[in-house]
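Visitor: I'd like to go over a predicted model; first the sequence, then the structure.
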Amino acid sequence: GIAWYPDDAMNYFDLIKYADFAMYTVKNTEKGQVAEFDSKLYHRDSFLLHSKEELNKLIEDESVHYVFQPIVDAHTGDIFAYEALMRPVSLHLTTPADVLRIAETQSRLRQIERLTLFKSVRTFLQYPEAAADHKLFINTLPGQMISGRDAHEFEYEFRGILDHLVFEFMETEKLDSEFTRDKLDYYTKWNCQIAIDDYGTGYNNDAILLRLHPDYVKIDMSIVRNIDTDQNRQLMLQNLLSYLKYQQIKVIAEGVETFAEMETLISYGIDYLQGYYTGMPEITPATTSIRADE
């Protein structure tokens, strides 16, 4: 294992430590070879090591809070629903992506699924004005399902609001997964609704529509971005809307960031709008849309 002065370190002890790291990297892969110190690999492994304990503490203490981004009715300007968005309270796990990445390496995604379901709804219920008249969109992880005991607890605790919940499936959801079938059975029993997230960029668009029969489809922001000036995006949106409306599915545009994007989306007949332009994620759910007049 080789570490270079002064590129990798300026002192003897760090150089030895980094050379050791490079040596063990080789020993764990292809013995008999020479490897130079890779700072990216070192910091990644260091991050994983430190973050494992942080993840355990985050799950045990439920060290996350939720903010709520409004989903606005494109016809009236009223807030129709909110999406619950996780915000970790952690030193190194600062984004949901960090939490999910470490949870996957530690086989803890199921606990994150449980934490998301219970805490997002509990937090939402702290705001009775929002919870009484609006739906709540909750992200559900592909290939993950809470235990039967947890499902019964969820049903009992939130029995008064179950028909206000909309579960968002990623377009990458494994359609043949036993967990997916179990989810659908519970959501049907609870009279919940289903949404497909990030639609329009994956390879199984039609398959997931036929399998899940969603109530809502969220058009991916990669299609929404600059749609006011890009004819190819406009054509793609037009085709998607024509197909989805034929299937009697309500359509939500994600990632709306400008007036021109909003205006174009409305002109094509979008049902709902979500994005920083129409409403920022907030700890206390907004009661009116900041763009209602527009």
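Guide: Structure received.
Visitor: Any stretches of the stretch 1-150 of the chain with poor pLDDT?
Guide: Low-confidence segments of the stretch 1-150 of the chain, defined by pLDDT under 70, span residues 28-31, 44-50.
Visitor: rerun at 90
Guide: Applying pLDDT under 90 to the stretch 1-150 of the chain flags the ranges 17-18, 20-33, 35, 38-54, 90-107, 141-145.
Visitor: Then the stretch 151-294 of the chain?
Guide: 169-184, 197-213, 220, 222, 243, 289-294.
Visitor: what are the ranges of the strands in the stretch 1-150 of the chain?
Guide: 64-73, 79-88, 135-140 (DSSP state E, counting those that start in this stretch).
Visitor: List just the one of the ones you listed that sits closest to Asp20.
Guide: strand 79-88 (32.3 Å; CB to CB). Where you see a C-beta, it was placed from the backbone N, CA and C, and this is true even at glycine.
Visitor: tell me the angle of that closest one relative to strand 135-140?
Guide: Following axes from the mean of the first three to the mean of the last three CA atoms, to 10 degrees, one obtains 40 degrees for the angle between strand 79-88 and strand 135-140.
Visitor: In strand 79-88, which residues are buried?
Guide: 79-86, 88 (16 or more other CB atoms under 10 Å).
Visitor: Same question for stretch 120-138.
Guide: 120-121, 123-125, 127, 130-131, 134-138.
Visitor: measure it end to end?
Guide: Stretch 120-138 has its terminal residues 8 Å apart, counting by CA to CA, to the nearest Å.
Visitor: Can you give the contact residues for it?
Guide: For stretch 120-138, the external contacting residues (CB atoms under 8 Å, 6 or more residues apart in numbering) are 65-66, 68, 71, 79-84, 86, 116-117, 158, 161, 164-168, 193, 195, 284-285, 287.
Visitor: For ChimeraX, write the selection for the buried entries among those residues.
Guide: A single ChimeraX command selects the buried members of the contacts of stretch 120-138 (16+ other CB under 10 Å):
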select :66,68,71,79,80,81,82,83,84,86,116,117,158,161,164,165,166,167,168,193,195,285
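Visitor: follow-up on the earlier one: distance to Ala151 for the strands of the stretch 1-150 of the chain - can I get that in CSV?
Guide: Formatted as CSV, the strands of the stretch 1-150 of the chain follow (distance: least, CB to CB, whole Å):
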stretch, distance to Ala151
strand 64-73, 20
strand 79-88, 18
strand 135-140, 12
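Visitor: Skip the chain neighbours and tell me the closest residue to Leu41.
Guide: Leaving out its chain neighbours, the residue that sits closest to Leu41 by CB to CB, 6 or more residues apart in numbering is Thr25, at 6.8 Å.
Visitor: neighbours around that neighbour, how many?
Guide: 19 (other CB atoms under 10 Å).
Visitor: Quick check: it touching Ile2?
Guide: No: the criterion here is CB atoms under 8 Å, and Thr25 misses it with Ile2 at 11.1 Å.
Visitor: Could you find the closest non-adjacent residue to Gln274?
Guide: Nearest one to Gln274, counting by CB to CB, 6+ apart, is Ile71 at 4.7 Å.
Visitor: gap between the one you found and Thr287?
Guide: 14 Å (CB to CB, to the nearest Å).
Visitor: shared neighbours, these two?
Guide: Ile79.
Visitor: can you map out the helices along the chain?
Guide: Ranges of helices within the chain are 12-27, 39-61, 96-105, 109-124, 128-133, 148-157, 178-190, 205-212, 221-224, 231-246, 259-267, based on DSSP state H.
Visitor: Right, I'll call it a day here.
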